[in-house]
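Student: Predicted structure and sequence below. I'll ask about it afterward.
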Amino acid sequence: MRKNLIMGSNLVILIAGLLLLGCASAPPSLTYREQLDIYKDMKIRLYQVARPIKIAGVGVCENTAIDKGKSYHSLHDYPEKLRPVAESYWGLSEKLKLLFEKQSSNISNCQAPLILDYDKAPNAYTDGESIFVTPALLNKVDDLALSLIIAHELAHIVLNHVDKEQSEELEREADRFALFMLAIAELDYRKATLQDAASKPPHKNGQKYLDTSKREIYFREVVAEIDKLKEEGKALVP
Ligand SMILES: [Zn+2]
């Protein structure tokens, strides 16, 4: 009787084990913890790439804040289905917790939080306060191309484009401003316009407003303008 009971409980454990194995091998192929680590690294990358641009924009930004070289995260930064795992894995809650500390510098920078949007399409946009970037876009571009995209979004904030209707003119203004921001940040603004940059508009519907060949020509014009200002030792004012 006793033996049967033990065998019975072993059978339950065996079935439970098989069920768990079944769950673990089911798609998605990455575990929830692996997915969380990827999103965490993306947040850190966004912060690092955006930082020099946001510092470069200080002279033109309406809202500035002191950047203490730290980035924070909370449960809200992750997809809903991953939040219970983030809670047990990192002890994350609704409160902000230190994600990453780069340096203890107190540099003024443009206030525009970078937020991951988990939409599946490659896309970047702004609501006038924050800058949203999707993981699909992050996977498509290197850091320099990402700088141009973040600077383009920051331009939409600084130039108060958000309440206006999207147009080719506004997209050009944002591109121009973005290249100036890269130059002020001492990033390679010329290189940022190469590598098919013109064919990679930041927004999902960007191709509608940013014709690739026209954008290439425009990029060259702005690069030449910045080169000239630098040669003449003049201030880089977009
Ligand atoms: Zn735009």
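Tutor: Happy to help now that I have it.

Student: Let's verify Ile38: helix, strand, or coil?
Tutor: Secondary structure state of Ile38, per DSSP: H, G, I helix; E, B strand; the rest coil, is helix.

Student: ok, now how distant is it from the ion?
Tutor: Here the criterion is Cβ to the ion, to the nearest Å. By it, Ile38 lies 26 Å from the ion. In short, each C-beta sits where N, CA and C put it, glycine included.

Student: ditto for Val162
Tutor: Between Val162 and the ion the distance, using Cβ to the ion, works out to 10 Å.

Student: what's the answer for Glu232, then?
Tutor: Summarising the geometry, the distance separating Glu232 from the ion, computed by Cβ to the ion, is 29 Å.

Student: got it, and Ala198?
Tutor: Spatial separation of Ala198 from the ion under the definition Cβ to the ion is 13 Å.

Student: who's in contact with that residue?
Tutor: For Ala198, the contact set (Cβ atoms under 8 Å, 6 or more residues apart in numbering) comprises 210, 212-213, 215-216, 219.

Student: Give the ChimeraX command for selecting the buried subset of those.
Tutor: With 16 or more other Cβ atoms under 10 Å as the criterion, this ChimeraX line picks the buried residues out of these:
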select :210,215,216,219
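
Student: can you pull out the strands in the chain?
Tutor: Along the chain, the segments classed as strands by DSSP state E run 64-67, 70-73, 97-101, 107-110, 114-116, 124-126, 131-133.

Student: Run through this protein and note the low-pLDDT ranges.
Tutor: Along the chain, the parts satisfying pLDDT under 70 run over 1-28, 104.

Student: Show me which residues of it sit near the ion.
Tutor: Of all the residues in the chain, those in contact range of the ion (Cβ under 5 Å from the ion) are 171, 174.

Student: between the contacts of Ala198, which is closest to the ion?
Tutor: Distance from the ion was checked for each of those by Cβ to the ion. The minimum falls on Leu210, at 7.7 Å.

Student: for that closest one, what are its contacts?
Tutor: Under the criterion of Cβ under 8 Å, 6+ apart, the contact list for Leu210 reads 168, 171, 175, 198, 201.

Student: ranges for the helices of the chain?
Tutor: Ranges of helices within the chain are 2-25, 32-56, 83-90, 135-138, 143-158, 168-184, 189-193, 212-231, based on DSSP state H.
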